[in-house]
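Trainee: Dropping a prediction and its sequence here:
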Amino acid sequence: MAVPKKKVSHARKMKRRSSVWKLEAPTNLVKCPQCGEYNLAYRVCGNCGFYKGEEVVAKADKKAAND
């Protein structure tokens, strides 16, 4: 059975594992046709509350919230 002759250094070990932790951006981001905000496809827009041209989630106006 093969046994390592020396300890593998921290730097060498981390170089080998560096590709494991790379983050990937979501590929299915689309612009909302109502407000232009980017969100995930087939999801309700978190900014305006619209989905497929219909208001699904009622959003309160910012002016009304401040009063």
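Mentor: In hand now; what should we look at?
Trainee: Strands of the chain, residue ranges please.
Mentor: In the chain, the segments counted as strands under DSSP state E are 29-31, 38-40, 50-51, 54-55.
Trainee: of all these, which gets the most neighbours per residue?
Mentor: Ranked by mean neighbour count under mean count of other Cβ atoms under 10 Å, the strands of the chain are led by strand 50-51, which reaches a mean of 16. Where C-beta positions appear, they are placed from N, C-alpha and C, glycine not excepted.
Trainee: in its sheet, what does that strand sit against?
Mentor: Note on strand 50-51: by DSSP bridges, its sheet partners are strand 54-55 (antiparallel).
Trainee: and the strand it pairs with, what's its mean pLDDT?
Mentor: Mean pLDDT, computed over strand 54-55, is 82.
Trainee: And for stretch 38-50?
Mentor: Mean predicted confidence for stretch 38-50 is 88.
Trainee: Take that stretch, keep the C-alpha atoms, and write them as CSV.
Mentor: What follows is stretch 38-50, C-alpha atoms only, in CSV (Å, rounded to 0.1, in the frame of the first residue of the first chain):
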residue,chain,number,x,y,z
TYR,A,38,-32.9,41.2,-12.1
ASN,A,39,-34.5,38.1,-10.5
LEU,A,40,-34.6,34.4,-10.9
ALA,A,41,-36.7,33.0,-13.8
TYR,A,42,-40.2,31.8,-13.0
ARG,A,43,-40.2,33.6,-9.7
VAL,A,44,-42.3,36.6,-8.5
CYS,A,45,-40.3,39.8,-8.7
GLY,A,46,-39.2,40.8,-5.2
ASN,A,47,-39.1,44.5,-6.1
CYS,A,48,-42.5,45.1,-7.7
GLY,A,49,-44.4,41.9,-6.9
PHE,A,50,-45.4,41.1,-10.6
